[in-house]
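Asks: Give me a 3D structure for the following:
(chains A and B)
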There are 2 protein chains.
Amino acid sequence: MDSQVEHNFGGFNGRGRPHQDPPIEREMSLTLEEIYNGCTKKMKISRRIMNEDGHTSSIKDKILTLTVFPGWYEGTRITFPKEGDQGPNTIPADIVFVLRDHPHKHFKREGTDLIFTSPVPLGQALLGCIVDVPTLDGRLLHVPITEIIHPNYEKVVPGEGMPLPDNPEKKGDLRIRFNIQFPKKLSSDQKLSIERAFFG
Amino acid sequence: MDSQVEHNFGGFNGRGRPHQDPPIEREMSLTLEEIYNGCTKKMKISRRIMNEDGHTSSIKDKILTLTVFPGWYEGTRITFPKEGDQGPNTIPADIVFVLRDHPHKHFKREGTDLIFTSPVPLGQALLGCIVDVPTLDGRLLHVPITEIIHPNYEKVVPGEGMPLPDNPEKKGDLRIRFNIQFPKKLSSDQKLSIERAFFG
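Replies: Numbering: from 1, shown residues only, chains lettered A, B, ... in the order given. Predicted structure coming up:
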């Protein structure tokens, strides 16, 4: 990727020198699946190009190809130097894409960890259960929970999080959190059994 | 309370005119009991006073009396105009006290409401309990809870919060929140009773 370094040599004072506009930023929303696996995005831009005569210009479409590597963090900036409009005595602006996470129906990420929140009925929270977690690469994890699930309980599954941007072979953790669903009402039989369970 | 308004008349440019330093701010930490009931605080300050000759000065102690009205919010500022050091050609700075809540062992306030967080064993959360809440004016409230206490459950007791600063006769609400304490282990007998309660 080119980098643009501009030195302002004193005394010349910029008259007649080409200047560059500030970068043009665009947000690019990616699904967690796209970030997990890495992907290539083609982005069409319309830009003003100087014609060969050096005086007139015309609008042309151009395709920018953007390679997203696995695990890139939200906020990662990808710069295409000088892809803005051309003009006389102008250095075209850089075009910058800023990565955003598209909201996911199951997962949120925190750093390199994936957070999965599962509802669990109180009875299963106390007696144990198996949580099914669909992964971003299309597998289905069956995670058995044998400990008692209390409101702040978190089940950590190592290595099932997002790829590390520096080393996509390694992955963060999957962290399963729970919404414990309490009964709305209890029958007198239920109350009796609960009393027996907790008050002997 | 005096208020200090200073106009800068153009052309004079301040030479020889008395100037005033920015206000001196001090945090004043009050207990929720002091704010609930209102209180008077005497604050000793040491300040430089000009002697009668108009040229020499000496340090003297002074007591500032601060009246806190019931329910005043955190961040309330009480200004004592011109109580800073005296000096030749100087208007003494204002002294400003800023109210802070001293952490309380039971309560936190949110606006005019008081928040009380109570631990409750899971069995009582399901079967009902009475919560004892010591008030800021020395009473003891017995609050019966007959609904099932789930993790986001909140019991509101109207009129047992902080006095409204504008009308201390009226009070906000007391809001009781719960830390539901789950058992760490369950015996097989307990598991059997829980299974009977939740899975019939």
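
Asks: Skip the chain neighbours and tell me the closest residue to the residue positioned nearest the centre of chain A.
Replies: By CA atoms, centre = their mean, chain A has its centre lying nearest to A:D101, at 3.3 Å. Nearest residue to A:D101 in three dimensions, chain neighbours excluded: A:E74, at 5.0 Å (CB to CB, 6 or more residues apart in numbering or on different chains). Heads up, the C-betas are built off the backbone N, CA and C, glycines and all.

Asks: which residues touch the residue nearest to the centre of chain A?
Replies: A:29-30, A:32, A:35, A:74, A:109 (CB atoms under 8 Å, 6 or more residues apart in numbering or on different chains).

Asks: Kindly recompute the last result at 7 Å.
Replies: A:30, A:32, A:74, A:109 (CB atoms under 7 Å, 6 or more residues apart in numbering or on different chains).

Asks: where's the closest residue to A:H142 other than its chain neighbours, which helix or strand?
Replies: Distance criterion CB to CB, 6+ apart; nearest residue to A:H142, sequence neighbours excluded, is A:I130 at 5.4 Å. A:I130 is part of strand A:129-134 when elements are defined by DSSP states H and E.

Asks: got the angle for the top helix by length along chain A vs helix B:188-199?
Replies: Ranked by residue count, the top helix of chain A under DSSP state H comes out as helix A:188-199. On the basis of axes from the mean of the first three to the mean of the last three CA atoms, to 10 degrees, helix A:188-199 is oriented at 150 degrees to helix B:188-199.

Asks: so which of the contacts of A:D101 would you say is closest to A:R17?
Replies: A:E74 (37.4 Å; CB to CB).

Asks: Tell me how chain A divides into domains.
Replies: A:20-101, A:107-184 (the TED database).

Asks: could I get those domains as JSON lines with mean pLDDT?
Replies: Shown next, in JSON lines, are the domains of chain A (pLDDT from 0 to 100):
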{"stretch": "domain A:20-101", "mean pLDDT": "93"}
{"stretch": "domain A:107-184", "mean pLDDT": "97"}
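
Asks: what's the closest of those domains to B:S188?
Replies: Nearest of the domains of chain A to B:S188, taken as CB to CB: domain A:107-184 at 11.0 Å.

Asks: Any idea how far apart the tips of that closest one sit?
Replies: 28 Å (CA to CA, to the nearest Å).

Asks: now it, how far from the chain's geometric center?
Replies: Chain-centre distance of domain A:107-184: 18 Å, with CA atoms, centre = their mean, to the nearest Å.

Asks: again, but for stretch A:180-196
Replies: 42 Å.

Asks: anything in it near chain B?
Replies: Yes. With CB under 7 Å from any CB of the partner chain as the measure, stretch A:180-196 is seen reaching chain B through A:180, A:182-184, A:186, A:190-191, A:193-196.

Asks: Isn't A:H150 up against B:F182?
Replies: Yes. Contact criterion CB atoms under 7 Å: A:H150 and B:F182 qualify, at 3.8 Å.
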